[in-house]
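> Pasting the sequence and the predicted coordinates here, then a few questions.
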Amino acid sequence: MQILVTGAAGFIGHALSRVLLARGDIVIGVDNLNDYYQVSLKRDRVATLAEAGGNRFTFHQLDFSDMAALEAALEGTQIDRIVHLGAQAGVRYSLENPHAYVQSNLAGHVNLLELARHRQVEHMVYASSSSVYGGNAKLPFAVEDRVDHPVSLYAATKRADELMSETYAHLFRLPLTGLRFFTVYGPWGRPDMMLWNFTRRILAGEPIPVFNHGDMQRDFTHIDDIIAGVVACLDSPPADDGAEKAGGSVKPHALYNIGNNRSEPLMKVIGLLEEACGRKAEMQMLPMQPGDVHKTYADITAISRDLGYAPTTAIEEGVPSFVRWYREYHGV
């Protein structure tokens, strides 16, 4: 298959592209290589894809929120399926730069829907987020739960993407699958995320910021488990048969949680990091940050039932493997 992957230089997009190339697919990667975090890491990721894919990997550095640039770059290119992972990420940054989220996550998402519609692609999988559950008190979070009370603009844009996708599935019978990712971590991860940030600080002897005085829980999901779920979804477009899909749509539009199905205490993860780094962390206890949620926990019943998804990497294995990769990548 010829698969368009947006955010190909990003954490999940890079990992997915490597798996698709390894199984023989042709990957067309799109990413604007913005400086939200260090561009050198993104370039290193792209370099590994070029090496792995040879002439089966093509990369376009462009902003997919620019429809003219997107269409010009892809003119004459066959696209069978799309995995739209590109977005302006991060809950906290959405408080500082809201327009970046409107441009990338709203305008950009519509551009990919339009591209999929006019190219008549077989299926588009897109990234949503566990953030859409907002301040829901019911745990674990299930795709059937109401998600109309977001606590950050980032979450609101991701929920808007789901609603726009439902509209396109209805009007144009476009097969779509939205994936609500839960706290992804692992090799080639993102420097703005907790695990990378804490690892860097612990190894450097710097204090780590521990929000809500450590009383936080997250469904930490290893990148290998995330990619297994994405590929399973990509290969199984929702049918336009009028039957109710995961998430409640009767159109060809499904919504799935992809998580580890375990909500881990933050302090437990810090303990595993200390052990893997070989030193104690100096903790700076802080109140809850605006836009954060207290606990996340994925109910993966729907994706397990429909696609046989079963995560295999516990944090006791995944955290030390990330620290090993981090030390190797940075030579520390």
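Noted; the coordinates are in hand.
> going forward, measure contacts between C-alpha atoms and count neighbours the same way
Noted.
> buried stuff in the host helix or strand of Leu171?
Secondary structure from DSSP states H and E places Leu171 in helix 153-172. Within helix 153-172, the residues that count as buried by 16 or more other C-alpha atoms under 10 Å are 153-162, 164-166, 168-170.
> just stretch 130-150 next, same as before
Residues 130-136, 140-143, 147, 150 are the ones in stretch 130-150 that count as buried (16+ other C-alpha under 10 Å).
> In helices, which of the residues you listed appear?
Counting by DSSP state H, no part of these is found in helices.
> Okay, helices next: where are they in the stretch 51-200 of the chain?
Listed from the start of the chain, the stretch 51-200 of the chain has helices (DSSP state H, counting those that start in this stretch) covering 67-74, 93-96, 98-101, 108-119, 153-172, 194-204.
> and the third one, what other elements does it pack with?
Under the contact criterion of 3 or more C-alpha pairs under 8 Å, 6 or more residues apart in numbering; DSSP states H and E, the helices and strands touching helix 98-101 comprise helix 153-172.
> name the helices or strands packed onto the helix it packs on?
So helix 153-172, by 3+ C-alpha pairs under 8 Å, 6+ apart, packs with helix 93-96, helix 98-101, helix 108-119, strand 176-181, strand 253-258.
> How far does the fourth one sit from its chain's centre?
How far strand 176-181 lies from its chain's middle: 9 Å, per C-alpha atoms, centre = their mean, to the nearest Å.
> Any chance you could list what contacts it?
Here strand 176-181 makes contact (C-alpha atoms under 8 Å, 6 or more residues apart in numbering) with 123-130, 162, 165, 169, 226, 230, 233, 237-238, 252-259.
> Sheet partners, orientation included, of that strand?
Paired neighbours of strand 176-181 in the sheet (DSSP bridges): strand 123-127 (parallel), strand 253-258 (parallel).
> Taking helix 153-172 as reference, get the angle to the last one.
In other words, strand 253-258. Interaxial angle of strand 253-258 relative to helix 153-172 (axes from the mean of the first three to the mean of the last three C-alpha atoms, to 10 degrees): 150 degrees.
> Strand 253-258: what's the following helix or strand?
Following strand 253-258 in sequence, per DSSP H and E, is strand 264-265.
> Neighbouring strands - and their directions - for that next one?
Strand 264-265 pairs in its sheet with strand 217-218 (antiparallel), by DSSP bridges.
> Identify the residues contacting the partner strand?
Residues outside strand 217-218 that contact it (C-alpha under 8 Å, 6+ apart): 182-183, 263-266, 294-297.
> Minimum distance to Pro290: which of the helices and strands packed on helix 153-172 has it?
Of all the helices and strands packed on helix 153-172, helix 93-96 sits nearest to Pro290, with 8.5 Å by C-alpha to C-alpha.
> and the closest one, which residues are buried?
Residues of helix 93-96 classed as buried by neighbour count (16+ other C-alpha under 10 Å): 93-94.
> So what's the model's average confidence on that helix?
For helix 93-96, mean pLDDT is 86.
> just checking, what packs against it?
Against helix 93-96 (3+ C-alpha pairs under 8 Å, 6+ apart) you get helix 153-172.
> Now the helix it packs on - C-alpha only, CSV.
This file holds the C-alpha atoms of helix 153-172, laid out as CSV (Å, rounded to 0.1, in the frame of the first residue of the first chain):
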residue,chain,number,x,y,z
LEU,A,153,-7.8,24.0,24.3
TYR,A,154,-5.7,21.1,23.1
ALA,A,155,-8.4,18.7,24.2
ALA,A,156,-11.1,20.9,22.6
THR,A,157,-9.4,20.8,19.3
LYS,A,158,-9.0,17.0,19.4
ARG,A,159,-12.7,16.6,20.2
ALA,A,160,-13.5,19.0,17.3
ASP,A,161,-11.5,16.7,15.0
GLU,A,162,-13.7,13.8,16.0
LEU,A,163,-16.8,15.8,15.3
MET,A,164,-15.6,17.0,11.9
SER,A,165,-14.7,13.4,11.1
GLU,A,166,-18.1,12.2,12.0
THR,A,167,-19.5,14.8,9.6
TYR,A,168,-17.3,13.6,6.7
ALA,A,169,-18.2,10.0,7.4
HIS,A,170,-21.9,11.0,7.2
LEU,A,171,-21.7,13.3,4.1
PHE,A,172,-19.1,11.5,2.0
